[in-house]
Structures are given as C-alpha cells and as structure tokens.
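Asker: structure for this input, please:
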Amino acid sequence: MMDAAGRVAEAMAAWPRQRFLPLRERRHAGRDGPLPIGHGQTNSQPRTVAAMLELLDVHPGDRVLDVGAGSGWTTALLAHLAGPTGSVLGLERLPELVTFGAANLHRAGMPWARLLLATPGALGSPGDGPFDRVLVSAEASTLPRTLVDQLAPGGVMVIPVTGWMHRVELDAAGEARVEFHGAYRFVPLIED
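Answerer: As a prediction, the model looks like this:
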C-alpha cells in the first residue's frame, strides 16, 4: 500500500496545476511558487500543497472539506485522493473564483467533488459535516474552533495559523491535538 507522500505525488501527476490556472499564468505552472489567480488570491506553490496534503493524509471514502478552494486545484487533488467512494466540498468566498474553480473542477470529471460559494458569515459548512478531513488554504489569526467542531472523531485538519502550519487531530472525546509543521505564508482567512 502506498504511503501519503506516494498517494499525493500520484494525485499531483494526475492533476497538474496548469489546468487550474488562468491562461496568462499557465506558462509559469512549473514554477514552485504561488501564482496569481485574480482578485488578490493565489494558487499555492506545489511544494506547499504537497506538504499540506501529506499531513492531511486523505484516504478513499473520506468526506473532505476544502476551505479557500480558489481555482479548484486542491479540490481536484482531494477528490482524486478520496476517490468516488468519498466526497469533497470546496468552498470559496469570491463569486468570480467560484465560477472559475467550479468550471475547472467540472472539466476534471469527478462528480463526487463540488465547489460552491461559501455562505457569508459562516466558516466552513457545519450543515454538511462532520468531515474526516478539512484543508484550509488561507491563514487564520487563531485556530478556528468552528472548523475543529466540523471534524468527525479521528478527523484531521491542516491549516496555517499565524505563519505556522498546524495539523489538528480530533480524538474520540472531542479533544483537539495540535502539531506544528513549519513556517508558511498564505493569504488571510476571512473569518467573519
């Protein structure tokens, strides 16, 4: 059985980010750096995405929430990892990016994944939880308990908080165990 790094490498090979970038940025897809996708948002650098997905450790059949789905690239990668027995909900706050990302995801042809406009004033999607995995691709100022509460027992969330990547695992008693995994920079998470 393949480990998390192998599964993530396989997903990234199957879904290169070039397909999820605006036309003007596609020539830069091989650069290991963030690339603009419009409206002040970026598509994260591949090395960072790989590290986050390895920490998240998605398995076939997992229910996954992708907060800050942007261009739909991470949503497609998560859908590949969760497979058709799983489900992935990508959320994005900017309507223009929802249109762009949802079109990219539709072209990927994975009906168990969808990218929707986030509900104003809500963080995540409490009504669709609990989730086995939650990926947050924007930096929070504090660990959002609202998102922790959307995890299923044994669930995992990966989120940058004040410059540090956090891996949060919820135990059966509802207690969150937090590990820190290096310094990263992201666009800010809108938490209202």
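
Asker: need phi/psi at Asp14.
Answerer: In this structure residue 14 is Ala, not Asp. phi -70, psi -30 (degrees, to the nearest 10).

Asker: from now on call the first residue 42
Answerer: With the count now opening at 42, the last piece we talked about shows up as Ala55.

Asker: Leu106 should be in a strand, yeah?
Answerer: Yes - using DSSP: H, G, I helix; E, B strand; the rest coil, the assignment for Leu106 is a strand.

Asker: hey, what's it bridged with?
Answerer: Bridge pairing for Leu106 (DSSP bridges) gives the partners Leu130, Val175.

Asker: scan the protein for its longest strand.
Answerer: strand 192-202 (DSSP state E).

Asker: residues in contact with that strand: which ones?
Answerer: By CB atoms under 8 Å, 6 or more residues apart in numbering, the residues outside strand 192-202 that reach it are 93, 96-98, 104, 170-177, 179-185, 188-189, 206-213, 215, 225-227, 230. To be clear about C-beta, it is placed using only N, CA and C from the backbone, and glycine gets the same treatment.

Asker: which residue ranges of this structure form helices?
Answerer: 45-55, 87-97, 114-123, 136-149, 186-189 (DSSP state H).

Asker: would you mind listing the buried residues in the last one?
Answerer: Translated: helix 186-189. 188-189 (16 or more other CB atoms under 10 Å).
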